[in-house]
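Engineer: make a model of this:
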Amino acid sequence: MGKNLLSTEEKKDLVKWYIEVKNDKNVKNKYKYVKENYELKYHPKVPPTKKTVLNNVKIFNKFGSVINRQKHTPHKKTVVTEENIKKVKSTLESGSGKSVRDIELKTNIGRESVRFILNEELKLFPYKVQIMQKIPENSIKKRLDFCTKMIQKLQLDPNLLNNIWFSDESHFYLDGHCNKQNMRIWGSEKPEKFIEKSAHPLYVTVWCAISAQGFIGPYFFENSNQERIIVNQTNYQNMIENYFVPELRKRVGDRFNEQIFMQDTSPHTAKKTMELLEKIFGGKIISIKSTDIWPPYSPDLNPCDYFLWGFLKDRVFSENVGNISLLKEKIKQVCSEITEEMCERVLNNLRFRLNYCTGSSF
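Structural biologist: Below is the predicted model of the structure:
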């Protein structure tokens with residue numbers, strides 16, 4: 001049924017008909033009785049639902065009227081005084097006032113006065129609570145150990161960070177992405193505008209690596225027919241051997257043996273994958289199964305997470321992309337815009353992050 005706004009007269013009739021048969025044991029389906037009476041009197045209007053009928057009866061029993069008086073109760077009118085300011089401040093400091101309505105109820109001060117006191121007198125503004133993933137205690141220790149160890153190594157070799165290649169992969173969906181919190185449409189009427197998302201959207205899986213020396217990528221995980229494939233250990237090893245290593249050799253030349261490779265989780269840590277990486281990089285690996293252990297729950301320490309994916313997706317999806325081929329071309333185009341200077345600034349920011357994590361300075 002569509003939305004059916006009821007007049008006061010209709011609401012009265014619904015309540016009257018319901019009460020007529022409320023205690024009548026011969027009428028088993030009371031809603032049917034109300035519905036039939038409504039159809040006879042108000043045809044061709046669509047009868048209200050059973051829920052609507054019961055809601056109106058509930059309002060009548062509570063207020064003695066079909067008008068919900070609770071909705072029409074005017075806000076208290078109070079004045080802004082020193083005493084009221086102290087009340088609001090005290091309520092906030094006690095932690096019992098989490099919203100304007102909470103403070104209004106606890107202090108008996110009008111809502112508009114509460115708002116004025118919060119904004120104009122106390123110079124406070126509402127902020128959303130940030131929801132963060134809880135990090136287990138053992139993972140916190142691993143983060144601290146890693147950052148401390150990295151700082152110590154950087155103190156001995158200030159150029160060490162320049163030789164680390166941070167890697168990761170990410171999905172790029174054809175539908176793109178939309179941040180509802182930042183999406184606003186200003187107008188005098190509510191616009192009929194929707195963002196449509198597919199139930200099973202098409203996407204490509206992109207791998208990249210970044211260091212202070214520059215950027216390598218994008219690599220698309222796909223077969224010879226350019227069809228997307230999963231990132232399993234076989235496909236990952238193939239990418240390392242046939243794409244990353246040749247590209248890295250071209251970029252760094254005879255300094256290849258100085259390079260350090262960083263990766264995160266499975267399938268990157270399968271036994272054969274780790275053996276391959278040991279053979280290529282001679283133990284210069286940062287991973288969850290290596291001498292230098294990459295700490296879990298640490299996207300804030302990986303430049304791919306704290307810079308690269310956001311940078312790429314913001315620009316790739318700045319306009320609609322029609323198909324997978326165009327999506328891949330757009331990704332390649334944006335990747336080509338990443339300069340060595342940008343990479344150097346991003347990696348320098350990691351020094352600050354290591355420092356922040358340990359609370360030290362270097």
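Engineer: okay, buried residues for stretch 240-253 please.
Structural biologist: Ile240, Phe244, Val245, Leu248, Arg251, Val252 (16 or more other Cβ atoms under 10 Å). From N, CA and C alone the C-beta is placed, and that goes for glycine too.
Engineer: mind putting those residues into TSV with secondary structure and pLDDT?
Structural biologist: Shown next, in TSV, are those (DSSP: H, G, I helix; E, B strand; the rest coil; pLDDT from 0 to 100):
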residue	secondary structure	pLDDT
Ile240	helix	96
Phe244	helix	97
Val245	helix	97
Leu248	helix	97
Arg251	helix	93
Val252	helix	94
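Engineer: now, which of these sits nearest Ile331?
Structural biologist: Minimum distance to Ile331 across those is 17.1 Å, recorded for Phe244 (Cβ to Cβ).
Engineer: how about the closest one, what does it touch?
Structural biologist: Ser167, Ala209, Ile216, Tyr219 (Cβ atoms under 8 Å, 6 or more residues apart in numbering).
Engineer: just the element for the third one, please.
Structural biologist: If you go by DSSP states H and E, Ile216 is part of strand 214-220.
Engineer: kindly report the same for the first one.
Structural biologist: Element membership for Ser167, per DSSP H and E: strand 164-173.
Engineer: same deal with the second one?
Structural biologist: Ala209 belongs to strand 203-211 when assigned by DSSP H and E.
Engineer: which positions in that strand come out as buried?
Structural biologist: Of the residues in strand 203-211, those buried (16+ other Cβ under 10 Å) are Val204, Thr205, Val206, Trp207, Cys208, Ala209, Ile210, Ser211.
Engineer: now swap in stretch 134-147 and tell me
Structural biologist: Buried residues in stretch 134-147 (16+ other Cβ under 10 Å): Lys142, Arg143, Phe146, Cys147.
Engineer: name the nearest residue to the second one, ignoring sequence neighbours.
Structural biologist: Nearest residue to Arg143 in three dimensions, chain neighbours excluded: Pro295, at 4.2 Å (Cβ to Cβ, 6 or more residues apart in numbering).
Engineer: check contacts around the one you found.
Structural biologist: With Cβ under 8 Å, 6+ apart, Pro295 has these contacts: Ser139, Lys142, Arg143, Asp145, Phe146, Leu301.
Engineer: now with 10 Å?
Structural biologist: 135, 139-147, 264, 286, 288, 301, 357 (Cβ atoms under 10 Å, 6 or more residues apart in numbering).
Engineer: that one in helix, strand or coil?
Structural biologist: coil (DSSP: H, G, I helix; E, B strand; the rest coil).
Engineer: look up phi and psi at it.
Structural biologist: When read as degrees, to the nearest 10, the backbone of Pro295 gives phi -80, psi 140.
Engineer: quick one: pLDDT of it?
Structural biologist: Pro295 carries a pLDDT value of 90.
Engineer: for the stretch 151-300 of the chain, which segments count as helices?
Structural biologist: Secondary structure of the stretch 151-300 of the chain by DSSP state H, counting those that start in this stretch: the helices cover 233-239, 245-252, 271-281.
Engineer: packing partners of the first one?
Structural biologist: By that I understand helix 233-239. strand 164-173, strand 203-211, helix 271-281 (3 or more Cβ pairs under 10 Å, 6 or more residues apart in numbering; DSSP states H and E).
Engineer: quick one: closest of these to Glu344.
Structural biologist: Comparing these under Cβ to Cβ, the one sitting nearest is strand 203-211, at 9.1 Å.
Engineer: quick check: mean pLDDT of the closest one?
Structural biologist: Mean predicted lDDT for strand 203-211 stands at 96.
Engineer: for that strand, list the C-alpha coordinates in CSV.
Structural biologist: Taking C-alpha atoms only, strand 203-211 is exported to CSV below (Å, rounded to 0.1, in the frame of the first residue of the first chain):
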residue,chain,number,x,y,z
TYR,A,203,36.2,-5.0,-10.4
VAL,A,204,39.9,-5.4,-11.0
THR,A,205,42.6,-6.3,-8.5
VAL,A,206,45.6,-4.0,-8.7
TRP,A,207,49.1,-4.5,-7.2
CYS,A,208,51.6,-1.7,-6.7
ALA,A,209,54.8,-1.0,-4.9
ILE,A,210,56.1,2.3,-3.7
SER,A,211,59.4,3.6,-2.2
